[in-house]
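>>> Build me a model from this:
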Amino acid sequence: MRDFSTRHIGINKKEEMEILSSLGYDSLEKFINDVIPSEIISQTKTTRQIGLREEEALAELQAMLEPNVLLRNYIGLGYNDTITPAVIRRNVFENPGWYTAYTPYQAEISQGRLQALLNYEQMVIDLTGFDLSNASLLDEATASAEAMAMAERINPSAPKKFFVSKNVFPQSLSVIKTRAEYLGFEVVVDNLDKFNPAEYFGVFLQNPDLFGTTHDHQVKITEWKEVQAKLVVIMACDILSLVLFKSPKEQGADIAIGSTQRFGIPLGFGGPAAAYMATKDAYKRLMPGRIIGVSQDSLGKKALRMALQTREQHIRREKATSNICTSQVLLANMAGFYAAYHGADGLREIAKHVSHLANLLAHNLEKNGIVLNKCNNGTIFDTISFDVSAPEELIEKLADNGYAIGNIANTMFVNIGESGTFDEVEELAKLISGKDDFENIATKQTLAKHDAFYRKDEILTHDVFKNYQTETKMMRYMKHLENKDISLVHSMIPLGSCTMKLNAAAELEPLSWAKMANIHPFAPRKYTEGYLTLVNGLKQQLCDITGFADVCMQPNSGAQGEYTGILAIRRYQASIGQGHRDICLIPKSAHGTNPATAQMMSLDVVVVDCDEAGNVNIDDLRAKANEYKDRISCLMITYPSTHGVFEAGIKEICKVIHDVGGQVYMDGANLNALVGLVKPAELGADVSHINLHKTFSIPHGGGGPGMGPIGVASHLIDFLPKNPIFDKDYTDANSAVSAAQYGSASILAISWMYITMMGEAGLELATKSAILNANYIAHELSKVGYTVLYTGQNDKVAHECIIDLRPIKAESGITEVDFAKRLMDYGFHSPTMSFPVAGTLMIEPTESEDKGELDRFILAMTQIYNEVKKVQSGEFDKVNNPLKNAPHTMANIMNWDKPYSIEVGCFPAKYLVGNKVFPTVNRIDDAHGDRNFMCSCFDMDDLA
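Prediction:
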């Protein structure tokens, strides 16, 4: 029977030998020895595992998860019981057409998921009452911290103090404290009646609050703003509560944040789920995260794109609004579809259902002598809380009867979710109170206590929220959107630095299992032993692969991993009296998240030059290390380099930093070129983040989810973040970076499955195949006439290569954008454009593509090169040609007016006949979209 590695790796042995022969080699080992400097190749083993077949790995994982206990979830604390509609689970969550797509930078072949994200934004806009929403953040706790940083940008002249109501989720408060420390903000936590608005730049409220009560803050906020008009009020709101209650905008808030998890997203032991952020139009350029906006294409048709990208880290670097890169697109899309499927009336039914049951429970507990925590007599939405002297006894009693409720110290929390029932609430009331008496009260009686607080405005009035309440229509709508996009189901996505490899079906299958999907992150540990075994097993695998002493699973994106790595360094240095170190050295070639992260950690960025070969200039590094030796905190370096080469001097580079007392942070974006061959810890790295959504097969989801755990050397272990609810030894010295203890824990199963099925030998072969494929493309494109910008030893590249298009642009006027759009006509997503060098394409084929697909891409690039030559010769017009007009659509065919044939424009290669994916819009006008900013849904008449 075939090993899984032969399913995952695209080239077979025959194709491998053909590629090697074309490069002048007769063995893979000789080739790899010529590519990777011998002094960095590890002499130690990695996982020592023999790869399992798919059915074997699935069986092992299922047995591992067996100890997880599926209790009826009434815990809450920011994570709610919800029902994922089967039509959404089947057609989006489990559909590679959705989960294998990339972030929609190439908008013309991303209109489907861009529309889905616009729907999500419109949902958030309607429910919060604001003008503007972003397209998701990582989780509610990190959104809270992002909102705090945004508030200071809005109100920079106020004192650097931030007030947080004491009745907020502990995990949100923890992440706020982490972020504030290195931004230089003083965080004050107290009751709102102690708040003096003149002394703070912003204030943070939870509504409903930790204890389950919802308040109308309108009068209070008005009074605050009479004292300080520029005060920024942030309100964290339960998204379902906003279906019933006054919007945060109407109450006077300036920013609203929260989670959309309860809109159909499985609990997954903490994630992934999409957080939302909404604000006023005036603050749009200060908002973190991606924003989907409306523009138009070259024919004047409305089209969607990512708007205002100049705010983002890949452009603004250390001046960006945030280091955020990956967010939670797949989950945001699911939440938007959930709202569309239920519509306003359906959401109201769900909201009234949970609110009625919560009030019913509260009524009966109070009647039977239980004193509830009602903060200032607010309205109960879906949660009640009360104090007990023996919490463990009550937790055990309820668990024995199949229920789990929340617990923080001696306070118990009962949260009603979508699947909660009257019978369960009656049983809970009797179990908690110890009395059999239960009184039913009418729904109107429980919901009519605070009529003035219910919202009077209409919500979700756009067509998308009114037209898809039958499964047939919903299924067709989601398929209609899916068909607009190119994903890995169509062709290779050769994005450099992104590693768009196979996301195998067997790796994703467990995510829908009940014992994976329905476990709450704050359930008692004894009922989550299966998950803990999975997490610890993956930790050990990653330690074996990277050489580090420990791995922290909390960061839920690559950017979060960077942040957590630098955080551990700064905490460690402070502990040894080196907290004054405030400089971060970063090579000129670095990804934009590096300087953005350094800035968030209050480090001054000093850029290190690169030499003509693209390597770090070690002389410049040494000079700057000596110049700032007493201030250097760390070096942030990517390996292999962002230029796509193995730098032979990496160990010397690390030694230079260590010799002046600094630490080395290694960006793990390119770990796919190292696994099984080189261990970052052995190179001299003290910490490195690991992009599980690149190297270890978690899909990109159209822009998230991701996971960015960090590997650390032993001296940094004590400085890793913990969770204030889950970890009994938590202190603010180890405050959190994400909401849940293991980030987006459910998707860790994907990487465990990948590593377990590949085995040690398969992982090593995958790395070698990825490097081989990249060198094959570089070699073949060089023969065509393209210039490979940087190479390492023996003129070889690592797992990716950079093609320099600047000479072509200078001679012909054809730009890298024209290449990217023309590749769409050939059925390909463009390689990474203008990163890390402007005017280039960075190509990463990964190990998952077969030689036939590599050859199709090479053919496309060859023919585009020849098209450029025709522009230069005058055979094609300099403006009205297939490259400048790309991409071509079916609408063009219906009214063809080009000076070249339809075949040239739309079917330039034979493999496209019968296998053509047409973009649904022509080239989009980016400038028009930013000049005429609009990030909400438009009427179908406008689209037509």
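>>> in the protein, what residue sits furthest out from the centroid?
Asp437 (48.0 Å; C-alpha atoms, centre = their mean).
>>> Would you mind measuring from that one to Glu426?
10 Å (C-beta to C-beta, to the nearest Å). No exception for glycine: its C-beta is placed from N, CA and C like everyone else's.
>>> Helices along the stretch 451-600 of the chain, start to end?
Residue ranges of the helices in the stretch 451-600 of the chain, as given by DSSP state H, counting those that start in this stretch, are 471-482, 505-508, 514-517, 529-546, 558-575, 593-600.
>>> surely the residue farthest from the centre of the chain meets Leu365?
No. Assessed by C-beta atoms under 8 Å, Asp437 is found out of contact with Leu365, at 11.0 Å.
>>> OK, contacts around the residue lying closest to Ile19 once chain neighbours are set aside?
Spatially, and ignoring its direct neighbours in sequence, Ile19 is nearest to Tyr776 (4.7 Å; C-beta to C-beta, 6 or more residues apart in numbering). Counting by C-beta atoms under 8 Å, 6 or more residues apart in numbering, Tyr776 makes contact with Ile19, Ser22, Leu23, Leu854.
>>> Give me the buried subset of the residues you listed.
Applying 16 or more other C-beta atoms under 10 Å to the contacts of Tyr776, the neighbour count classes Ile19, Leu23, Leu854 as buried.
>>> In helices only, show me these.
Cross-referencing the buried ones among the contacts of Tyr776 against helices under DSSP state H gives Ile19, Leu854.
>>> Any chance of the buried ones among the contacts of Tyr776 in TSV with pLDDT and distance to His888 as columns?
Shown next, in TSV, are these (pLDDT from 0 to 100; distance: C-beta to C-beta, whole Å):
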residue	pLDDT	distance to His888
Ile19	98	32
Leu23	98	35
Leu854	98	25
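>>> Can you add distance to Tyr341 and give the buried ones among the contacts of Tyr776 back as CSV?
As requested, the buried ones among the contacts of Tyr776 are exported to CSV (distance: C-beta to C-beta, whole Å):
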residue, distance to Tyr341
Ile19, 47
Leu23, 52
Leu854, 41
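>>> Which single one of the buried ones among the contacts of Tyr776 is nearest to Ala332?
Proximity of the buried ones among the contacts of Tyr776 to Ala332 (C-beta to C-beta) peaks at Leu854, which lies at 33.2 Å.
>>> give the contact list for the closest one.
Leu854 neighbours (C-beta under 8 Å, 6+ apart): Met492, Asn773, Tyr776, Ile777, Pro845.
>>> Kindly report the same for Ile777.
Ile777 makes contact with Pro494, Cys801, Ile843, Pro845, Leu854, Phe857, Ile858 under the criterion C-beta under 8 Å, 6+ apart.
>>> Pretty sure it sits in a strand.
No. Counting by DSSP: H, G, I helix; E, B strand; the rest coil, Ile777 falls outside a strand, being helix.
>>> Give me the mean pLDDT for stretch 897-911.
Stretch 897-911 shows a mean pLDDT of 97.
>>> Give me the buried positions along it.
Lys898, Tyr900, Val904, Gly905, Cys906, Phe907, Pro908, Ala909, Tyr911.
>>> ok, Leu299 to Gly684 distance?
55 Å.
>>> of the two, who's got more company?
Set Leu299 next to Gly684 and count neighbours by other C-beta atoms under 10 Å: Gly684 wins out with 20 against 13.
>>> Surely the more buried one and Val656 touch.
No. If you go by C-beta under 8 Å, Gly684 and Val656 don't touch, sitting 9.7 Å apart.
>>> Now do the helices in the stretch 601-750 of the chain.
618-627, 650-659, 680-683, 748-784.
>>> What of the stretch 251-400 of the chain?
For the stretch 251-400 of the chain, the helices defined by DSSP H, counting those that start in this stretch cover 313-316, 329-367, 391-400.
>>> I'd like these laid out as a markdown table, including distance to Ile408 and mean pLDDT.
Formatted as a markdown table, the helices of the stretch 251-400 of the chain follow (distance: least, C-beta to C-beta, whole Å; pLDDT from 0 to 100):
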| stretch | distance to Ile408 | mean pLDDT |
| --- | --- | --- |
| helix 313-316 | 35 | 48 |
| helix 329-367 | 18 | 96 |
| helix 391-400 | 9 | 96 |
